[in-house]
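Undergrad: Task: produce atomic coordinates for the following.
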Amino acid sequence: MLKLKLITLILATTFLSAIAQPERWQQRAEYEMEIDVNAKKHQFKGIQKLKYYNNSPDNLTKVFYHLYFNAFQPNSMMDVRSRTITDPDPRVRDRISKLEKDEIGYHEIKSLKMNGQSCQYQVVGTILEVDLPTVLSGNSTAIFEMEFESQVPLQVRRSGRDNKEGVEFSMAQWYPKMCEYDYQGWHSNPYIGREFHGIWGDFDVTITMDSDYMIAATGVLQNADEIGYGYEANGIKVEQPKKKTTWQFKGENIHDFVWAADPDYKHTKIQVPDGPMIHFFYQPGEKTNENWEALPDYAVKLFQSASSKYGKYPYPVYSIIQGGDGGMEYPMATLITGERSLRSLVGVTVHEVMHSWYQMILGTNEALYYWMDEGFTSYASSVIMGELFDPNPEGVHAGSYNGYQYIAKSGIEEPLSTHADHFKTNTAYGMAAYSKGAVFLGQLEYIVGKSVFDRALLAYYDTWKFKHPNPNDFIRVFEKTSGLELDWYKEYFVYTTKTIDYGVKSVEPNQKKKKTDITLERVGDMPMPIDLVIEYSDGSKELFYIPMEIMRGNKIAENRMTRKDLPDWGWVYPTYTFTIDKKIADIKKVTIDPSGRMADLNKANDFWKNNSVENETKD
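TA: Down below sits the predicted model:
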């Protein structure tokens, strides 16, 4: 019997080891693509060779590709979603349903082989489902070879031809792209116009099209001398004897590739000291010239500031390209509409460039953790815009806090843990992604302290760049840097819609007369540590800090104001009372979180004023 129990124990241990979370691995993809464009028909033929590294321990019998262009067809999931959601994106609405045959987008797969053997496959909307001819074993590689033909849709959302400013080709999400497979399994989400997730790898892309087009793209142009025009700083074109020109671009350690083309592009560039070469592509004219000529100096300051605050930009180039339908980020490039005021042009550039840090380099799963991309980018963008222009007197993050407060009070808020595609409204998604995601960082700065926050944000970048971090990975970096327990914050702010509301309940004379009792109350369901500032009648101020039990520690002092640390406030207690060695007549004002970094939904009860002292001051 003892022997049987021992064997059972060994088997159980072996089983648990087998299902335990393995060390994080990630797939790798090396793309070689040759594209021949028929510009007149807005179509192209492609040959794709993909070396796929299955670095997982799993044996794969299927793989999946994204076919994004198929979304731009009447009755596609993107079309139906836009026509049935209560608040459709104004750029989409019912436009897809009205596309003509020569205006739709599509990918037609002509052949697909794995290691020389033909694959069976089925096109299901925007996903290509592939049955492999042989098992792709864990920790092995395979070569996938594909021939495909595609039509570029009329520009509706992000990608397409003939955008509203007249740019001919905005080529985003334009090629059959292997879906990501990671520790959470396959991520073969249908494309309805929201977010993305991709495999780290290298891209070698050659694009052949009419010689009068200038091409801007992800990566480093390999044959500028051979092409013979357009890549000088003055952007002067040289007549080409050939009918078509081939452009070759390479990008390393990236998870997507974008390009754009137009015969009227002007190209300029500027070198960031100890940073990338920045390229600019725009259509010259009355609506663009002045502001696009001013943009390079702002872009240099942007890259310098971002690299010092959030981690060094690792790529050799970046291209800012007029195109698309607003602003959209890609590796080493962005597509932005260009007929804007200077501040708007700089603002959209700052936001899209900052995605280089919080999506292109860190590579979170945008479908699941969109707020770690859009929200963190919004936070960093506000900081840098405050440096480039006069900061908002209410605080650089006031817009994000106001947006969050609006959605939190609206009755339509959904948790940050909601999948990006499955929000009931675009409004709830947008406020969650951009506003609440930015507030997540703003409040974290309040909880751990500014200097610790800055160190932790850099540590997050250094620890998780090129590794697809999730929310727990992020919060653990902040726990290790601050020495505080922060899981409670993630659990409340990400997985619930519970809100914060603290108030000054009473300020009363203590029985000993020369002292004062101050009672605070927690009205909202989400607990937070409290910074409480007391201003005295003589003009002096004092900070009282109330940590929470579940933090298991205190944040470090943030400023030179005298600070007194009070006992922990257990989150189950609705009120908290402490006594100060001052008479009530000596107190002018009591304020909860005067820094405004805590997203308290009711500011009206955040302070107490001693009216008698105020009246004396006025007299």
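
Undergrad: residues near residue 425, how many?
TA: Using other Cβ atoms under 10 Å, residue 425 is surrounded by 17 other residues. Any C-beta I mention is one placed from the backbone N, CA and C, and that applies to glycine too.

Undergrad: That one: what's it in contact with?
TA: Contact analysis of residue 425 by Cβ atoms under 8 Å, 6 or more residues apart in numbering lists 85, 86, 87, 412.

Undergrad: could you redo the last one with a cut-off of 6 Å?
TA: 86, 87, 412 (Cβ atoms under 6 Å, 6 or more residues apart in numbering).

Undergrad: so what pLDDT did the first one get?
TA: At residue 86, the pLDDT value in this model is 97.

Undergrad: Over to residue 612?
TA: Looking at residue 612, the pLDDT reads 77.

Undergrad: Can you tell me what sits against stretch 249-266?
TA: 167-172, 198-200, 202-205, 212-222, 235, 281-284, 321, 323, 330-331, 333, 363.

Undergrad: meant to ask about stretch 296-313, not that
TA: 270, 272, 275-276, 278, 346, 350, 353, 357, 380, 384, 387-388, 461.

Undergrad: what about burial for these, which qualify?
TA: 270, 272, 275-276, 278, 346, 350, 353, 357, 380, 384, 388, 461 (16 or more other Cβ atoms under 10 Å).

Undergrad: Filter those residues down to just the ones in strands.
TA: Of those, the ones assigned to strands by DSSP state E are 270, 278.

Undergrad: Dump the buried ones among the contacts of stretch 296-313 to JSON lines, plus pLDDT.
TA: Compiled in JSON lines, these are given as follows (pLDDT from 0 to 100):
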{"residue": "270", "pLDDT": "98"}
{"residue": "272", "pLDDT": "98"}
{"residue": "275", "pLDDT": "98"}
{"residue": "276", "pLDDT": "98"}
{"residue": "278", "pLDDT": "98"}
{"residue": "346", "pLDDT": "98"}
{"residue": "350", "pLDDT": "98"}
{"residue": "353", "pLDDT": "98"}
{"residue": "357", "pLDDT": "98"}
{"residue": "380", "pLDDT": "98"}
{"residue": "384", "pLDDT": "97"}
{"residue": "388", "pLDDT": "96"}
{"residue": "461", "pLDDT": "98"}
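
Undergrad: ok, the buried ones among the contacts of stretch 296-313 vs residue 600, which is closest?
TA: residue 380 (23.5 Å; Cβ to Cβ).

Undergrad: Spit out the contact partners of that closest one.
TA: So residue 380 contacts 310, 354 (Cβ under 6 Å, 6+ apart).

Undergrad: now do 10 Å
TA: 305-306, 309-310, 350-351, 353-355, 357-358, 438, 441, 457 (Cβ atoms under 10 Å, 6 or more residues apart in numbering).

Undergrad: swap in residue 226?
TA: By Cβ under 10 Å, 6+ apart, the residues touching residue 226 are 245, 246, 247, 248.

Undergrad: any idea what sits nearest residue 439, other than its immediate chain neighbours?
TA: residue 404 (4.6 Å; Cβ to Cβ, 6 or more residues apart in numbering).

Undergrad: so the one you found, which of the three states?
TA: Assigned state for residue 404: helix (three-state reduction, DSSP: H, G, I helix; E, B strand; the rest coil).

Undergrad: wait, it sits on residue 441?
TA: No: Residue 404 is beyond contact range of residue 441, at 11.8 Å (criterion: Cβ atoms under 10 Å).

Undergrad: So residue 183 sits against residue 56, correct?
TA: Yes: if you go by Cβ under 10 Å, residue 183 and residue 56 touch, sitting 8.0 Å apart.

Undergrad: So for those two, which residue has more residues nearby?
TA: Each of residue 183 and residue 56 has its neighbours counted (other Cβ under 10 Å); residue 56 has more, 20 against 14.

Undergrad: Do a quick rundown of the helices in the stretch 501-619 of the chain.
TA: Secondary structure of the stretch 501-619 of the chain (DSSP state H, counting those that start in this stretch): helices located at 611-618.

Undergrad: cool, the stretch 251-400 of the chain as well?
TA: Using DSSP H, counting those that start in this stretch, helices in the stretch 251-400 of the chain cover 289-310, 342-355, 366-388, 398-410.
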